[in-house]
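Q: what follows is a predicted protein model with its sequence.
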Amino acid sequence: MFKKLILITIFLALVLPGISQDNEYRIHLGDLIKSKGNAYAFALNQNLRTTDSPTFAGLTLTAPLTLANGGTFPDVAIGQVLTSGGVGAAPAWSASPTVTGLTIGAGSEASPSLLFAYTYPAGFFMSAGYAGVGYSYNGTQHAIMSAYGIDMVQVTDRIGWGSGTLLYSDANHYLDQRNAANPQGYRIYGTYTSGTNYERGFLRATATAVEIGSEKGSGGGTARPLSFYTDGILREQIDISGSRILTGPNTQTTTDGFATVVVTTTAAATATATNLIPAGVVVLGVTCRNTSAIAGDGSFSGYSVGDGTDADRWGANVSPLINETTDLTDCTITSVPIYAAVTSIVLTQVGGSVFTAGGTVRITVHYSKPGAPAT
């Protein structure tokens with residue numbers, strides 16, 4: 001009888017405390033008396049706090065998990081590992097976790113908190129936090145991306161597109177675009193319809209020069225002038241013909257310009273570029289280039305270049321050979337003329353009586369034109 005009483009006492013000591021406990025914390029007696037061949041299973045519903053640091057070996061968590069503050073992980077996959085790929089390759093993950101509306105720890109714009117992490121075998125990971133997403137490689141943070149943009153942490157870091165466009169910061173307050181010996185350029189568009197229909201400006205470096213300009217597409221767009229401003233005021237403009245217009249403080253202007261045309265000879269003694277000289281200009285010079293050979297009858301030897309009143313003002317007996325050119329050394333005048341009204345350039349054959357039809361000469365007037373101020 002005494003032995004039975006001892007057994008009953010031990011039984012009640014083991015069973016009654018488990019029955020009196022809340023179901024969340026009790027240990028099932030059946031689990032204690034399972035065969036030793038089976039693993040023990042415990043139902044432990046622990047209310048973990050952010051200040052706790054529990055360690056679980058071989059623990060499997062299933063969604064949703066409820067946090068102490070009432071928030072939940074709608075879908076959780078912890079420690080997702082890159083199973084293939086790598087830097088520069090398409091990654092393959094062991095799962096696709098989704099975490100929504102969760103912040104762990106305190107974050108700020110300067111130091112975002114860790115929200116989740118994917119681990120590459122080489123130690124690369126990206127983490128999202130209160131203020132943005134950070135990038136680290138081998139334990140060193142290189143960049144932070146937030147609502148304000150991308151902050152490159154180290155001077156040696158770069159931003160790249162493809163394999164040819166790379167941006168660096170070689171020194172504080174400088175932005176550098178370079179890629180070994182490959183020339184670099186920058187384009188800004190006014191309009192863009194397609195790769196052949198656009199209007200844009202460019203800044204580029206070539207092997208021989210630094211170039212600034214405007215251009216249009218081969219399939220559409222309008223040629224635009226290139227303008228330069230100081231203090232928000234237009235100071236200089238190069239129009240689409242290549243003329244340069246300087247603007248002073250009261251909108252007075254000086255235009256250094258060109259007027260050019262190709263004249264074709266006929267069976268006549270002269271060939272005329274009608275009204276090629278603008279009104280109100282100082283003509284700095286007139287130059288010519290034979291775009292084809294020039295011929296004439298009789299003892300024809302060439303042609304002269306004048307304005308209809310002075311037959312050889314800018315050239316006398318110019319060679320008729322193809323690609324022959326003239327410059328100021330061919331002039332017969334020693335001062336620049338002023339033309340108040342539009343005036344024509346006249347070519348006159350020398351040595352014969354008429355030109356042979358079909359010869360072509362490009363004539364260019366080089367001039368300067370002042371403009372009065374508006375105020």
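A: Ah, there it is. Residues are numbered from 1 along each chain as shown.
Q: please make it C-alpha for all contacts and neighbour counts, starting now.
A: Fine.
Q: hmm, Ser214 is touching Leu203, no?
A: No: assessed by Cα atoms under 8 Å, Ser214 is found out of contact with Leu203, at 9.1 Å.
Q: show me which of these two is the more surrounded one.
A: The residue with more neighbours, out of Ser214 and Leu203, is Ser214; 19 against 14, by other Cα atoms under 10 Å.
Q: what about the residue nearest to that one when sequence neighbours are not counted, how many residues close to it?
A: In space, Ser214 comes closest to Gly201 once its chain neighbours are excluded; the distance is 4.2 Å by Cα to Cα, 6 or more residues apart in numbering. The tally of other residues near Gly201 (other Cα under 10 Å) stands at 17.
Q: which helix or strand contains Gly201?
A: Using DSSP states H and E, Gly201 maps to strand 197-205.
Q: buried set for that strand?
A: Within strand 197-205, the residues that count as buried by 16 or more other Cα atoms under 10 Å are 198-201.
Q: where does the prediction get shaky in the stretch 51-200 of the chain?
A: Scanning the stretch 51-200 of the chain for pLDDT under 70 picks out the ranges 51-157.
Q: let's see that with 90 instead.
A: Scanning the stretch 51-200 of the chain for pLDDT under 90 picks out the ranges 51-172, 175, 179.
Q: repeat that for the stretch 251-375 of the chain.
A: Using pLDDT under 90, the stretch 251-375 of the chain drops low at 374-375.
Q: can you tell me how far the closest residue to Val361 other than its chain neighbours sits from Asn275?
A: Spatially, and ignoring its direct neighbours in sequence, Val361 is nearest to Asn290 (4.4 Å; Cα to Cα, 6+ apart). The gap separating Asn290 from Asn275 is 20 Å, by Cα to Cα, to the nearest Å.
Q: and what of Tyr174?
A: Relative to Asn275, and taking Cα to Cα, Tyr174 is found at 52 Å.
Q: look at these two and report which has more neighbours.
A: Using other Cα under 10 Å as the criterion, Tyr174 and Asn275 rank with Asn275 on top: 14 against 8.
Q: how about the contacts made by that one?
A: 342-345 (Cα atoms under 8 Å, 6 or more residues apart in numbering).
Q: again, only this time at 10 Å
A: Listed by Cα atoms under 10 Å, 6 or more residues apart in numbering, the contact set of Asn275 reads 259, 307, 341-345.
Q: so what are the sheet partners of the helix or strand where it lies and their directions?
A: Using DSSP H and E, Asn275 sits within strand 270-277. Partners of strand 270-277 in the sheet, by DSSP bridges, are strand 343-350 (antiparallel).
Q: after the partner strand comes which helix or strand?
A: For strand 343-350, the following helix or strand on the C-terminal side (DSSP H and E) is strand 360-371.
Q: just checking, what packs against that next one?
A: Counting by 3 or more Cα pairs under 10 Å, 6 or more residues apart in numbering; DSSP states H and E, the packing neighbours recorded for strand 360-371 are strand 244-247, strand 253-264, strand 270-277, strand 281-290, strand 338-339, strand 343-350.
Q: in the longest one, what's buried?
A: Buried residues in strand 253-264, counted by 16+ other Cα under 10 Å: 253-260, 262-264.
Q: same deal with the fourth one?
A: Taking 16+ other Cα under 10 Å as the basis for neighbour counts, the residues of strand 281-290 that come out buried are 281-283, 285-290.
Q: what's the angle between that strand and strand 360-371?
A: 160 degrees (axes from the mean of the first three to the mean of the last three Cα atoms, to 10 degrees).
Q: and strand 281-290, C-alpha only, in CSV?
A: Output of strand 281-290 as CSV, limited to C-alpha atoms (Å, rounded to 0.1, in the frame of the first residue of the first chain):
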residue,chain,number,x,y,z
VAL,A,281,27.7,95.5,-93.8
VAL,A,282,31.4,95.8,-94.0
VAL,A,283,32.7,93.3,-96.5
LEU,A,284,35.9,91.8,-95.0
GLY,A,285,36.5,89.8,-98.2
VAL,A,286,35.0,87.6,-100.9
THR,A,287,36.4,84.1,-101.6
CYS,A,288,35.8,81.7,-104.4
ARG,A,289,36.3,78.0,-105.1
ASN,A,290,35.9,76.3,-108.5
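Q: okay, now the domains of this structure?
A: 17-147, 185-216, 254-371 (automatic domain parsing).
Q: didn't Asn290 look like it was pressed against Asn323?
A: Yes: assessed by Cα atoms under 10 Å, Asn290 is found in contact with Asn323 at 4.9 Å.
Q: what ranges does this protein have for its helices?
A: All helices of the chain, identified by DSSP state H, fall at 2-20, 29-32.
Q: ok, of those helices, where does mean pLDDT dip lowest?
A: Per-stretch mean pLDDT for those is lowest at helix 29-32 (a mean of 46).
Q: you'd agree Thr375 is up against Gly248?
A: No: the pair Thr375 and Gly248 fails to qualify as a contact (Cα under 10 Å) at a distance of 11.1 Å.
Q: which of the two has more neighbours?
A: Gly248 (15 against 7).
Q: got a list of what that one touches?
A: Listed by Cα under 10 Å, 6+ apart, the contact set of Gly248 reads 233-236, 254, 371-373.
Q: quick one: pLDDT of it?
A: On the pLDDT scale, Gly248 gets 93.
Q: so how far is Gly296 from Thr270?
A: Thr270 sits 11 Å away from Gly296, going by Cα to Cα.
Q: could you check which of these two has the larger neighbour count?
A: Ranked by neighbour count (other Cα under 10 Å), Thr270 and Gly296 place Gly296 first, with 25 against 19.
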